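# sequence and computational prediction follow.
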Amino acid sequence: MFVIGNFLNAAATVFDYVLTFYMWVIIIRALISWVNPDPYNPIVRFLYQITEPVLYPLRRRLPYMGGIDLSPFILILAIVFLQFCLVGTLKDMAFRFR
């Protein structure tokens with residue numbers, strides 16, 4: 001049973017790292033949007049390609065706030081929620097299988 005516990009612990013750790021990385025990508029994209037970046041820059045294009053599929057549906061559902069885009073903030077809250085609930089649950093399950 002300890003193998004399942006180790007697997008769940010590893011999966012929770014990887015998932016936590018992926019969520020943290022994506023949260024930083026969202027933050028960097030929000031900061032870059034304040035300075036009118038070059039749309040042909042490969043880094044800017046990468047940031048838009050990796051975040052737009054998640055941000056666009058949120059942006060469509062949120063009400064108009066006078067030019068303020070709250071979708072990155074909502075997405076960061078969702079990521080933190082997943083980190084506490086899902087990652088925490090996986091780590092607790094891993095601890096019980098040991």
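Arrived safely.

# please count neighbours and contacts with C-alpha atoms only from this point.
OK.

# give the next helix or strand downstream of the lengthiest helix in the chain.
If you go by DSSP state H, the chain has its longest helix at helix 2-32. Downstream of helix 2-32, the next assigned helix or strand under DSSP states H and E is helix 42-61.

# got the angle for that following helix vs helix 2-32?
Using axes from the mean of the first three to the mean of the last three Cα atoms, to 10 degrees, the inter-axis angle of helix 42-61 relative to helix 2-32 is 90 degrees.

# tell me which residues are up against helix 42-61.
Contacts to helix 42-61, defined as Cα atoms under 8 Å, 6 or more residues apart in numbering, come from residues Val25, Ile26, Arg29, Pro37, Asp38, Pro39, Asp69, Leu70, Ser71, Pro72, Leu75.

# just stretch 21-40 next, same as before
By Cα under 8 Å, 6+ apart, the surrounding residues in contact with stretch 21-40 are Val44, Arg45, Leu47, Tyr48, Thr51, Pro72, Ile76, Ile79.

# are any of those residues buried, and which?
Using 16 or more other Cα atoms under 10 Å as the burial test, those include Val44, Leu47, Tyr48, Thr51, Pro72, Ile76, Ile79 as buried.
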